[in-house]
Structure formats: C-alpha cells, structure tokens
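**Q** Quick one, fold the following:
(2 chains)
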Amino acid sequence: MSEPKFPKTLAGPSRRAVLAGGAALTASLFAPKHLRAADYPTAEVNTTGLAVTDDTVTIGILHSITGTMAISETGSVQAEKLAIAQINEMGGILGRKIEFIQEDGASDWPTFAEKAKKLLVSDKVASVMGCWTSASRKAVLPVFEQYNGMLYYPTFYEGLEQSPNVIYTGQEATQQIIAGIDWVAETKGAKSFYLLGSDYIWPRTSNKIARKHIEKLGLKVVGEDYYPLGHTQFNSVINKIRLKKPDVIYAIIVGGSNVAFYKQLKAAGIDMTKEKPLLLTISVTEDEIRGIGGENIEGAYACMKYFQSLTNENNMEFVKAFKEMWGEDMVIGDVTQAAYLGPWLWKAAVEAAGSFDVDKVREASPGIELTTAPEGYVKVHENHHLWSKTRVGHAKVDGQYEVVYETADLVEPDPFPEGYQ
Amino acid sequence: MFSDYSMSELGAIFAMQGFAGLILFSVFVLMALGLAIIFGQMGVINMAHGEFMILGAYVTYITSNVFSDYLPALFSIYFFVAMVLAFIASGLLGMAVEWAMIRHLYKRPLDTLLATWGLSLILQQVYRSVFGAREVGVTIPDWIMGSLPVTDMIEVPINGIFVMVLAVGISAAIYILMYRSSWGKQVRAINQNRVMAGAVGINTEWTDRLTFGIGCGVAGVAGSAFTMIGSTGPTAGQLYIVDTFLVVVFGGAGSLLGTIASAFSISQAQSIMEFFLSGSMAKVLTLLTVVGILMLRPQGLFALKLRK
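**A** Numbering: from 1, shown residues only, chains lettered A, B, ... in the order given. Below you'll find the predicted structure:
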C-alpha cells in the first residue's frame, strides 16, 4: 500500500490556527475520502484497552531531553513531533488524531525503564517512539516484552537483536558498514585500515564486523584502538596512526570525544581533504558536525543511510517542513530522519491491520512500505529492521555532506550476520 | 612492533610522542590549577569546577561570534580577549557562589561536596536552557589550528604550544600570587588557622571570596583554552572533573609543586602507555598506579607539614 504525499505547509503556528478555526471541521476537511473514525468503531480497533477514543489515539515519546544524551536525542523528538503533526493534518490514523505523552529518559537507563512502564501501564499508549542509545533500548526491552508494547527505535546500532516488540527504523551494523568498506576499497583502492572507536558495545561490535569484512576482502587492519567515552586527548593515537600509515582511518568515536578527535587531527597536520589517510566514519552525522565545526572535518567521508543534502523530492519537502517547524538553522542527521519514519511506519501498519491492537500491528508490520520516506523507498523486513540504501557522504566545510555514492539496491538487514560474529 | 621502521622514522615518532605527553601535561596543569587553589588552599571540594571551565568556553564562544559579526578584522586575536573575559566571568560567578553558598559551609567541608555537586547540575541545566542541549562549534582562528613542520616527519601542533605557554604562564602567575605576595601569605595563614588569622587582623571573608574567585577564574581560562582541543557543551565539564581531582589529590592537596609534579607524572605515564597499549587499558593502568601510590602515601606526592 502506498501513502499519499505529505502536505506542503506544516508549520506549527499555522497548523494551530487551522485547528483553532475549525476543530470540528478538521476531520472531514483533511481526512481523505477513506478512513473516517465512524467506519472504525473504537470497540473493534482497540480490543486490548489501549488509550484510543472515538477521535484520538495516544502514543508515547520517550527520549532524553535532559542529561548527556539530550544533545543527540533532541533531533529525534523534533522529527517525531513533526511526523505526528503531519499525520494529524492529514486526518490522523483510522480517523483519529494522534496525541502524545512525552516522557524524559534523562540520559539514565533505569529512568528509561521506569518511564516506559509508566507509558505502557498507566497511560496505555498504543505505541512508543523512543530511545537512542543501545543501553536505553536494552533497559526498556523487558518492559516492552512484558507489557506487550510497540517501540519504534531510530538509531543505527550494532544489531544482534530482534524483538517482536521493537521496529528498528535505523540501520543495523552490517547494513551500514559493509557497503562503505566495499566502496572505499573499490573506488579509493584502500589496502590498509586503522580501526578506532569509543569503548562500548556499538563501536566494538561494528569494528568487529568491519575487521571481518576487511579481512574477507584480503585487505589489512593495521591497528585497532578504543578510548573511554569522554576521552579528550588523542595525540598519542594520532602518532600511532602516523607510524602505521594506513590508507583509511575508520573512526567510530562518539559524543564529546568526537570534537576533540577531529580538532586534534587537524591540529596535528593531518589534512583530510588530501585523503592521505582517508577518514571514513559511521558516527558523525550533520548533527555532530555542528559541534565539531565543518572546517575541522572537511574532506572526511561518512557512511550511513541518510544525509540532509539528498535531493529527492520527499527529502526536500521534509527538510523544508522540519525547518519551518523548528527553525532555519536546524540540521538533520541520519537518526533524526529515522525517527521521523517511526510514526509513519506505525500509521501504515495500523491501517494495514485495521486495528491499534499491538499484536495485529506486529503481524501487519513486515512488508510495510513507505514510498514517501525522505531517504527514499523503505520496507519493513520480517526481522523488524528496514530494507534501506546505504550512502557515502563527503563532508564539506559548511557542515553538510555531499553524497558521492549510494548502493544500487536496498540493503537487506541482517541483525545476526553469519561469519561476522 | 618497531622492526619495520627506519631509525629516522622512529626518532620522529618518539619526538612527537614526547611532545604529545607535554601537551597532555599542560592540559592537566591548566585543569588542576584552579582546583589546587580552591581545594588545596581552602579545603572546598568543588565539584562544579568543570562547569566553571565550561562557562569560560561559552564566553569564548560568545566572544568569537561577536568578533566575527562586528570586528572581523580583529578575529585572529579574539582568543586573547576571550580568555580575559572568561577569567572575569568565571571569577565573578565564583565570588557570587562563595558569597551565597560556600562561606556558610567552611566548617563542614564534606557538605561542600554535595552543595557544589548540586551547583554543577544547576549550571549544566542553565547552559542547556541558554545555549541549547547540542554542543556549540567554536570557530578557532586559523593560525592556532595549524601545525609547524619541524622536519619532514615531525609536525608540532600550534594549539599544543599555545596550551603549553599558557600553562607555564598561569603557573608562574599563581606561584607569585601564592608565595610572593601578601595576599598569598594571608591565604596560607587562613588555611593553617582561620581563627588565628582573623585575630591578627586578616580580613578572612574577603580573602576567601577572592581566593575562590581566582580559582574559578583560572578554571574559566582553562575552559577557554580547551575550546581549541575539545568540545563545548552543557555537560562537557564532566569530562574533566575526574582527571582534575586525580591530579590534585595525587599531588598532595595544598602544594602547587605537588600538583605540577603529579600532572607531569600522570600525563607522561598515560601518554606513553596509550602509545603501546589501547586507550582504555592505558587509563586503567594509570588509575591503578595512582590508587596504589595513594594507598602507600595517602597525603599525596608532596604534602605540607601541618600540625595536627
């Protein structure tokens, strides 16, 4: 099934004006010919006591808006609110407006679990858009499985997980990594790699996959190093890199360390625009570049599924709507776009199921397609991850990526890759 | 691991590695000097030290924006102005905090830990509300971000030299203030015996306020300098706090020389180990060594002889 095109004007204030002017009219005005609430009696679409009324359905948004992770998660919250606003403008889901309850995970994993429980048990939300770090997802997972909730998780992550209660709208590690390494080996003739990362599960698992793939291609890993989260001194490792002279620095550094790493790399006289060595990262989106500074990362390559500079029509409209709602100076990174897909994928699944019941939505989810996604066409796989294209972007001084490569086909998600573990 | 390399390559790498250690040393000294004054001289456990540093970083951010908007011709030297402003801003905030909070807690040093920790949370949220949750990008003048090619192989980052010069300069200034000025004599007198110092006519309240202010001001300058090498965000101060306390405690509270010696030994150990081991392992070994030495010598490397 395909989605209607997004409406063109979606700004917050004007939307509110429209609603205030004719709340009663909205449903009939904006709902296309199909999907009126009256055609879907509440008793039928909600047999499990979720927060669904005759004209509203309530979902949860669960991200950190305070604490360390607020830096990253703010974009996801904004994207989810934009999607909800747009869906409501089109008449909602099964004729019902989406209302949301937002909870703050406060960058603290037990808090995430507590808030997830609150959303599922007291608020009875029909689905939850949320989490960012793997640690927070792991913390809420038992809650979602116990109370049978549905979580839409936006971040690219290490894989090795497949829960009936989660739809993973970001890429899992093999989708993100393998295409990028193939590209750098073929196009740039790279022979040797230096793997670098922050010391926790995602960089370590990702580098493990990267190493296996590099060795499979008959190329060499000349060094592998991990630094504690928040590490700010990279001069020693930069010297090591100089000594080993790799063709590619493969960097998966996150958070504040990122800024320190790229600034010090530049200060040490390693000019990334010369591509000697070339730097390939899977952890720096446009969001992170704002903190790093475009002039400090110019010339690096990043491998992910979405860049703000994509020129397809869906994306141009998405970027425009996002900026109208949240401000001209906003940038949109990979995860923000993936978060934006959450409400849309859920809407499509609910409409396919003709019901808000979590079990029916789950059953309907595999095979759901979105032709309107900013990244292009995506499709939900049996394993709850998305088929998606992988792209390589070249960092420019203005903080945007220029897309230099994209895979010809959608890459199949493979959260339990054989031969890579 | 070195068999594949020529002697000249190895020489160059060791030279640069030595330099990396010195940069780390300077960073540690800059981080720790402010705390050495506040914790060492006043016995206040200032958990908000990192947030005072970040205030300096934000002041630098604002200054850089003002200069690029209104005084683009002077942009290349804005950094010096920013450091002075950072000192003033953090110093004034420090004095205000001392007046509002710390002065009520001098008799309860452990409570300063809780109070300043609360303060650090408050400041973080203030930064988040004012500057946004995301890190801000501070544009550094080009001349600081380059490197000096010494030979074909050896390149020395200019911001490293900058940080080193700054660390030496501020250490010297604090040494003169602490040990060669009458104010320093008063601070040390209060540290030894507050009641007695008051009895001989030292204005202990004002001296305390000024000491706390100067300690925070120095933290602000450090934060300003660190925009060259690190990130500027609401919680970035947390990245520095552990290392800072480590350096001050290991050096022996109350001893400026101890702080410098401890910064030197920790930074060299860490940077050498980072070269041969992975980063996380180097950190673990450094911490283990420090803990081991502190068990044998709880007063730190250099301790003042105090009458107990």
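**Q** Can you report how many residues lie near the residue of the stretch 251-400 of chain A at minimum distance from chain B?
**A** Per C-beta to the nearest C-beta, A:Gly291 is where the stretch 251-400 of chain A lies closest to chain B, at 3.0 Å. Using the backbone N, CA and C atoms, a C-beta is placed for each residue, glycine as well. Using other C-beta atoms under 10 Å in any protein chain shown, A:Gly291 has 23 other residues around it.
**Q** One more: A:Met69?
**A** Neighbourhood size, A:Met69 [other C-beta under 10 Å]: 24.
**Q** what's the pLDDT at it?
**A** The model reports A:Met69 with a pLDDT of 77.
**Q** The residue of the stretch 251-400 of chain A closest to chain B touches B:Thr232, doesn't it?
**A** Yes: under the criterion of C-beta atoms under 8 Å, A:Gly291 makes contact with B:Thr232 at 7.5 Å.
**Q** Show me whatever sits in contact with both of these two.
**A** Taking C-beta atoms under 8 Å, 6 or more residues apart in numbering or on different chains as the contact criterion, the common neighbours of A:Gly291 and B:Thr232 are A:Val259, B:Glu135, B:Val136, B:Gly137.
**Q** Pull the most distant pair out of those residues.
**A** A:Val259 and B:Val136 (10.0 Å; C-beta to C-beta).
**Q** Identify the residues contacting the closest residue to chain B within the stretch 51-200 of chain A.
**A** Proximity of the stretch 51-200 of chain A to chain B (C-beta to the nearest C-beta) peaks at A:Ala70, 3.8 Å away. The neighbours of A:Ala70, taking C-beta under 8 Å, 6+ apart as the test, are A:Ser64, A:Ser107, B:Arg128, B:Ala133, B:Pro234.
**Q** now with 7 Å?
**A** A:Ser64, A:Ser107, B:Arg128, B:Ala133 (C-beta atoms under 7 Å, 6 or more residues apart in numbering or on different chains).
**Q** likewise A:Glu382?
**A** The contact partners of A:Glu382, by C-beta under 7 Å, 6+ apart, come to A:Pro366.
**Q** What does the pLDDT read for residue 108?
**A** Going with chain A. 87.
**Q** Switch to chain B, please.
**A** Confidence score, pLDDT, at B:Arg108: 84.
**Q** A:Ser236 touches B:Gln270, doesn't it?
**A** No: the pair A:Ser236 and B:Gln270 does not pass the contact test of C-beta atoms under 7 Å, sitting 8.2 Å apart.
**Q** Please tell me how far the closest residue to A:Lys220 other than its chain neighbours sits from A:Lys138.
**A** The shortest distance from A:Lys220 to any non-neighbouring residue, by C-beta to C-beta, 6 or more residues apart in numbering or on different chains, is to A:Ser192 (4.6 Å). Separation of A:Ser192 from A:Lys138 (C-beta to C-beta, to the nearest Å): 34 Å.
**Q** Report the contact partners of whatever residue of chain B ends up closest to chain A.
**A** Closest residue of chain B to chain A, C-beta to the nearest C-beta: B:Glu135 (3.0 Å). For B:Glu135, the contact set (C-beta under 7 Å, 6+ apart) comprises A:Ile71, A:Val259, A:Arg290, A:Gly291, B:Ser231, B:Thr232, B:Gly233.
**Q** now do 6 Å
**A** A:Gly291, B:Ser231, B:Thr232, B:Gly233 (C-beta atoms under 6 Å, 6 or more residues apart in numbering or on different chains).
**Q** likewise B:His104?
**A** No contacts exist for B:His104 under C-beta under 6 Å, 6+ apart.
**Q** That one: what secondary structure?
**A** helix (DSSP: H, G, I helix; E, B strand; the rest coil).
**Q** Now A:Gly197. Its backbone dihedrals?
**A** Taking degrees, to the nearest 10, you get phi -160, psi 160 for the backbone angles of A:Gly197.
**Q** A:Leu280 too?
**A** Dihedral angles (degrees, to the nearest 10) for A:Leu280: phi -120, psi 130.
**Q** Residues contacting stretch A:167-180, please?
**A** So stretch A:167-180 is contacted by A:152-156, A:158-159, A:206, A:209-210, A:213, A:282, A:303, A:305, A:338, A:341-342, A:384-385, A:390, A:392, A:407, A:411, A:413-415, A:417 (C-beta under 6 Å, 6+ apart).
**Q** can you tell me which of those residues are in strands?
**A** A:Tyr152, A:Tyr153, A:Cys303, A:Val392 (DSSP state E).
**Q** how about the first one, what does it touch?
**A** Each residue near A:Tyr152 by C-beta under 6 Å, 6+ apart is listed here: A:Met129, A:Ile167, A:Thr169, A:Gly342.
**Q** ranking those by neighbours, who comes first?
**A** Counting neighbours by other C-beta under 10 Å, A:Met129 leads these with 31 neighbours.
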